[in-house]
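# All I have is the shape, not the residue letters:
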Ligand code: NAD
């Protein structure tokens, strides 16, 4: 297969971790007879330095012409970098918002998986961590409270602020469909999370999820109130497969799910549109504190590339091979410094990439 990728290395550790993901993709290509074509575009601080804006229209056009985008991370030290003296719409993060909007990325996927070898980093009780967990938080990304009308005004001498939570049935249906599609590639269970005991938008959410579920008879589904879900994530995370939810609930729950894995350098993510197109990136930021030191953990970016193989190219065997190579390298005792513990061998970012690439079978 010919796979055409836009690559955004970005700022901080971005170039280091993306280089390692490309190394692993090339190993997959060699083993399974695929060719990955990469075209680099600029976004974030490096784009500001080169062009004066965080993302040019030309860069967006290149991204749109490809099958997927592989992204490192963008941004710098928000206290010291001159990028943060610019107006908000010229700062690095504005590039990220622009590309998400231009590419219509409405579904955000964040897996939370507890590796046997990293259980020690899980902040949950040992008996809960011992059960393990493997879930996918699926968050609606372009609607809801963050995009509704807002205003702050003085009413009768009292300052009053209003935010509006709006969802229409089409926005709910397309994310629900994605959620059930993803569940079909996993353990075929969807937990739809809402606040239907209070919110109208949640009652509509629930209705549309139920309608969508009828098209997926193999998938079992349940509804869960968001407050209960927040508790269940720390009490019994093993129960979850796909957690499907709206924008703000997903924002909070995906961070909670990330935390219980205990290892930010391991967390992949994907943002998808209605086609197979996706943007794949690690969940963490540009880590300016360790940038340029060949110390970053590239595994989150490598696992994001595995998600790309699975969800954009439908190359499930190849995605499994990457995930298996990551598990094997951990089993063999190799760690970058962020996940090192006694008795393990600490390796650099580039060594970790090579060790994983060598294990692609
Ligand atoms: P961060 O995620 O960059 O770093 C938080 C901590 O985690 C740091 O100690 C860092 O060294 C560590 N860390 C993160 N990724 C790591 C990795 N792969 N390997 C080893 N350690 C890792 O968060 P921050 O410091 O709050 O933000 C730094 C910059 O990143 C800011 O400019 C922020 O806006 C930006 N940011 C970008 C994205 C993105 O590109 N999508 C996401 C979040 C933050």
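Cool, the structure landed. Since this is a predicted model, take the numbers as computed values, not measurements.

# If you drop the residues flanking it in sequence, what lies closest to residue 120?
Counting by CB to CB, 6 or more residues apart in numbering, residue 341 is the residue found nearest to residue 120 once chain neighbours are left out, at 6.1 Å. All C-beta atoms are positioned from the backbone trio N, CA, C, and that covers glycine.

# go on, residue 235?
Leaving aside its sequence neighbours, residue 235 sits nearest to residue 128 (CB to CB, 6+ apart; 7.3 Å).

# part of a helix, is the one you found?
Yes - assessed by DSSP: H, G, I helix; E, B strand; the rest coil, residue 128 belongs to a helix.

# quick one: contacts for it?
234-238 (CB atoms under 8 Å, 6 or more residues apart in numbering).

# Got a PyMOL select line for the buried ones in the residues you listed?
Of the contacts of residue 128, the buried ones can be selected in PyMOL as follows, counting by 16 or more other CB atoms under 10 Å:
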select buried, resi 237
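
# Can I get the contacts of residue 128 in TSV including distance to the ligand and secondary structure?
TSV is the format used below for the contacts of residue 128 (distance: CB to the nearest ligand atom, whole Å; DSSP: H, G, I helix; E, B strand; the rest coil):
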residue	distance to the ligand	secondary structure
234	21	helix
235	26	helix
236	27	coil
237	22	helix
238	26	helix
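
# which residues of the protein fall in strands?
2-10, 35-40, 68-73, 107-113, 134-140, 150-155, 158-163, 189-194, 220-225, 242-245, 268-272, 278-282, 334-335, 345-346 (DSSP state E).

# which stretch among those strands comes nearest the ligand?
Evaluated with CB to the nearest ligand atom, the strands of the chain place strand 68-73 nearest to the ligand, the distance being 3.6 Å.

# Packing partners of the closest one?
If you count contacts as 3 or more CB pairs under 8 Å, 6 or more residues apart in numbering; DSSP states H and E, strand 68-73 packs onto strand 2-10, helix 14-32, strand 278-282, helix 299-311.

# now it, how far from the centre of its chain.
Relative to its chain's centre, strand 68-73 lies at 11 Å (CA atoms, centre = their mean, to the nearest Å).

# Next, the angle strand 268-272 makes with that strand.
For strand 68-73 against strand 268-272, the angle by axes from the mean of the first three to the mean of the last three CA atoms, to 10 degrees is 130 degrees.

# Now do the buried residues in strand 68-73.
68-73.

# State the number of residues packed around residue 252.
14 (other CB atoms under 10 Å).

# List the contacts of the closest residue to it other than its chain neighbours.
Excluding the flanking residues, the one nearest residue 252 by CB to CB, 6+ apart is residue 230, at 7.4 Å. Applying CB under 8 Å, 6+ apart to residue 230 gives the contacts 252-253, 256.

# ok, back up a step: burial count for the residue nearest to residue 120?
Neighbour tally, residue 341, other CB under 10 Å: 11.

# How about the residues of the stretch 151-300 of the chain by the ligand?
Residues of the stretch 151-300 of the chain lying close to the ligand (CB under 6 Å from any ligand atom) are 264-265, 281-282, 284-290, 296-297, 300.

# What is the nearest of those residues to residue 38?
Of all these, residue 38 sits closest to residue 281, with 15.1 Å by CB to CB.

# burial measure for that closest one, as a count.
Per other CB under 10 Å, the neighbour tally for residue 281 reads 28.

# any idea how far it is from residue 299?
13 Å (CB to CB, to the nearest Å).

# on that earlier part again, list just the nearest of the contacts of residue 128 to residue 18.
residue 237 (29.8 Å).
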